[in-house]
Every structure is written in C-alpha cells, then in structure tokens.
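>>> Predicted model and sequence follow; I will ask about them next.
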Amino acid sequence: MPKRTGLVVARTRREARDWHKSQHAAGKRIAFAPTMGALHDGHVSLIKIGLEKADAAASSIFVNPTQFAAHEDLATYPRAEENDLQKLEAAGCSFCYCPSPAEMYPAGDSTRVMVKDLAHILEGEVRPHFFEGVASVVSRLFLHLRPDVAVFGEKDYQQLLVIKRMTHDLGFGIEIVGGPTKREADGLAMSSRNAYLNAEERAQAVAVSRVMFTTAAKLEGGEPIRAATDAAKAELLAAGYASADYVEARRADTLAPFGAETCPVGTSGRLLVAARLGKTRLIDNVGFVRR
Ligand code: PAF
C-alpha cells in the first residue's frame, strides 16, 4: 500500500480492511468523511470534526457513477486527486480510500440500497436515481472501512438525513455527525460544482444564499410559507437563475411539509433551495425556528 508521510492511500477493499483492522487493534476509533474529491475548505472542516470525535481520520475519494443520471456531469465532474491528497494530509487525515469503479462495483454487481419516502421527495423528485446511488456507495464504504463515526456536510442536508435513516435501519452502529456548511466571503456555500461557474455566473450565484437567508428570516417572523417561498423563486429568476427546482420550508427532522399556512411557533424548520444558473445546479439550505 503506497504511503505518504502521514497519509496512507489505499485502492482496494482489502487494503481498507487491513487499515481499519490495524486501527481497531491499536484501540483507535475511526472517523470517516467520504468525498467525491475536488476538495475545498468544507471537506477539510469535516476531517477536523472527525478528529474531535475519534483518534484517526479517514476519507475517501470516489466519483460515484451510480448517483449520476446519464445526462448528468459524471464525465466532467472535477478531479484533482494529488491536490486532494495533499489537503487531506495537511488536515491531519491518516487514511484515504480511492477505489476504482470496478473495485466498488465488481463485475456483475446488481445490489443497491434504497431508502423509502425521505429519499423520494425534494432532491429525490428532481434526481430520482440520486439517493439510491448515494445509499449504495455509502453502505459499501462503511463496510469496507468500518468507521466508528462518519461526518457528512449539512450543505447536502437531505443526504445527511437519508444516511442517518439508512445507518439506523441497517444497524451499522456508526455515529453520523453533520458538519456546518462552509461559505465563501459573499455567502455562497462551498461546493466542488462551483468550479463550473464562469465569472458572470459566479457573481450571480450569491443570490441563492442571499434569498435563502432573507426568506428564512421571513419565516421566522411568521410570514405565510407559500408567499415567502414564491417570492424567493421570483427573486432567483430576477437575479439571473434559469429556474428554481424548489424553494421549500420543511420540518427539520423529517423534511415533511408543515401542513399549515405559517410555520408553527418553536418548531425547527429547514429551508431548502435548488436552482439552476446556466449549466450549473446549486443547492443550499438553512435551519430556522419560528419566533
Ligand atoms: O456528498 C458527497 O460528496 C457524495 O454524495 C458522497 C456522500 C461522498 C457519496 O458519493
């Protein structure tokens, strides 16, 4: 297994197993932050959260084909492995699993993990293949690496809830932790896909977080949900977005609709936004509590 100064890079599930066995034999707890690479400060923050929760931090870099539809950006998804490994090493990560598609999905593979209900709303409606791909790859990563804790960014809030549901239902015995969204100075949520934005789009992109924060403030103040989210969609279109897939205020724990005209006082909500700017699809979300 090739070894850098402080970071072991593994390509096979056997190497991953040898590593987790050696860590557990030494009495170390493993924290795991899976990624698809093209790392930014948001990913680095997940490694740091992992190190607060366990003795050794592990990550993975795998652009997972099963979570992309045929018309999506699998071929063009940014790839920068050497740069990513340097960032992981600098963050204190001691292990990175970089399997090939054939290692992750062996020839003839036909097994998938499907989470019902939660995985079929919001992102699951717009990208029906997505959560089955995520649940399938994350369950395999969990089996190959056997972490004690796994850290996922709140930037993909619905994904975090889907993983929590799957981990509980399948009895993995792994603690799932959410890491706060990291933002650029102007408020845009960090994302590997921000690299797709040209200069003009990058300037327009900030509207998604600006509109999201002002809409969450309206909901906290008791403005009717539909009026606030319709106004948010109109603002995004006025700011140059081609379309808004959704702007939805939901219960933070289940993502179920509130079923009322305004959010109930004291209940935790999550405002979730997905919108398209040129060829790039941006998603963001924020928590709020109605006063
Ligand atoms: O959030 C991501 O980067 C991916 O969906 C994940 C969790 C690494 C699975 O491929």
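Structure received. The structure presented is a predicted model; accordingly, all values stated were derived computationally and were not measured.

>>> how would you label residue 38: helix, strand or coil?
Secondary structure state of residue 38, per DSSP: H, G, I helix; E, B strand; the rest coil, is coil.

>>> So that it lines up with my notes, have the first residue be 399 from now on.
Right, with 399 as the first residue, what we last looked at is residue 436.

>>> neighbours of it, just the number please.
A total of 20 residues lie near residue 436 under the criterion other CB atoms under 10 Å. Any C-beta I mention is one placed from the backbone N, CA and C, and that applies to glycine too.

>>> and it, how far is that from residue 487?
16 Å (CB to CB, to the nearest Å).

>>> ditto for residue 445
Taking CB to CB as the measure, residue 445 falls 10 Å from residue 487.

>>> where does the chain have low pLDDT?
Counting by pLDDT under 70, the ranges of the chain that qualify are 399-401.

>>> hmm, try it at 50
Applying pLDDT under 50 to the chain flags no residue at all.

>>> Which residue is the nearest non-sequential neighbour of the residue in the stretch 449-598 of the chain positioned nearest to the ligand?
The stretch 449-598 of the chain approaches the ligand most closely through residue 462 (4.0 Å), counting by CB to the nearest ligand atom. Residue nearest to residue 462 in three dimensions, not counting chain neighbours: residue 535, with 4.3 Å by CB to CB, 6 or more residues apart in numbering.

>>> swap in residue 477?
Nearest non-adjacent residue to residue 477, counting by CB to CB, 6+ apart: residue 435, 5.9 Å away.

>>> OK, contacts around that neighbour?
By CB atoms under 8 Å, 6 or more residues apart in numbering, the residues touching residue 435 are 459, 460, 461, 476, 477, 478, 479, 482, 590.

>>> would TSV of the residues you listed with distance to residue 574, secondary structure and neighbour count be doable?
Below are the contacts of residue 435 laid out as TSV (distance: CB to CB, whole Å; DSSP: H, G, I helix; E, B strand; the rest coil; neighbours: other CB atoms under 10 Å):
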residue	distance to residue 574	secondary structure	neighbour count
459	20	strand	22
460	19	coil	19
461	22	coil	18
476	26	coil	16
477	27	coil	13
478	27	coil	15
479	26	helix	14
482	23	helix	22
590	21	helix	19
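
>>> Run through the residues of the stretch 449-598 of the chain sitting next to the ligand.
Proximity of the stretch 449-598 of the chain to the ligand, by CB under 6 Å from any ligand atom, involves residues 462, 465, 532, 535, 536, 554, 557.

>>> go with 8 Å
Contacts of the stretch 449-598 of the chain with the ligand, taken as CB under 8 Å from any ligand atom, map to 458, 460-462, 465, 531-532, 535-536, 539, 550-551, 554, 557, 561, 590.

>>> Centroid-nearest residue for this structure?
With distances taken as CA atoms, centre = their mean, residue 554 lies nearest the centre of the chain, 3.7 Å away.

>>> Now do the SS call for that residue.
helix.

>>> How about it: what's its closest non-neighbour residue?
residue 681 (7.3 Å).

>>> Quick one: residues contacting the one you found.
521, 553, 554, 589, 670, 671, 672 are the contacts of residue 681 under CB under 8 Å, 6+ apart.
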